[in-house]
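J.: below are the sequence and a predicted model; questions follow.
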Amino acid sequence: MKVRQRDTAAQSAAAPDDAGIDLDKPIFTLSVASEILETHPRTLMMYEHLDMIRPKRTVTNRRRYSRRDVMKLQAIQTLTRKHGVNLAGVRYILALLKRLQNAGVEPPEGLRNLDVTLLDV
């Protein structure tokens, strides 16, 4: 039951089809984002330290992640977990995929499942 709830939360967090929802609105706390992504909160803090992600901050300096942030983190996880890429490679690959998309070129076969359309790279 808990796995289904996480899957539903991850799908709702990453679904870009909702026209009325702002992708840049900072709504997820660190703990909620880490639960959606099934990762340790310290991992998200490390990604922030490495400038791979920039969550917004509240007036009390708490992190808030947007849906776009969660989508980028999911792309990072896909590259690191499924493809075995290190974080330097992740930066490079995401930038290249964005350039390919802007040029109208198809990405390589193994990376077609990564959609960088809505990501800030």
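T.: Cool, the structure landed.

J.: burial of residue 91, as a residue count?
T.: 17 (other Cβ atoms under 10 Å). In short, each C-beta sits where N, CA and C put it, glycine included.

J.: part of a helix, is it?
T.: Yes - counting by DSSP: H, G, I helix; E, B strand; the rest coil, residue 91 is found in a helix.

J.: please begin residue numbering at 49 from this point
T.: All set: I'll call the first residue 49, so the last point we hit is now residue 139.

J.: with adjacent residues omitted, what lies nearest to it?
T.: Nearest residue to residue 139, sequence neighbours excluded (Cβ to Cβ, 6 or more residues apart in numbering): residue 100, at 6.7 Å.

J.: which SS state does that neighbour fall under?
T.: Classified using three-state DSSP, residue 100 is coil.

J.: enumerate every residue touching it.
T.: Residue 100 sits next to 120, 124, 135, 138, 139 when contact means Cβ atoms under 8 Å, 6 or more residues apart in numbering.

J.: pLDDT at the last one, what is it?
T.: Reading off the confidence values, residue 139 has pLDDT 95.

J.: residue 69 versus that one, what's the distance?
T.: Residue 139 is 27 Å from residue 69, where distance means Cβ to Cβ, to the nearest Å.

J.: what does the first one give?
T.: When distances are taken as Cβ to Cβ, residue 120 and residue 69 turn out to be 16 Å apart.

J.: compare those two (neighbour count), which wins?
T.: residue 120 (22 against 12).
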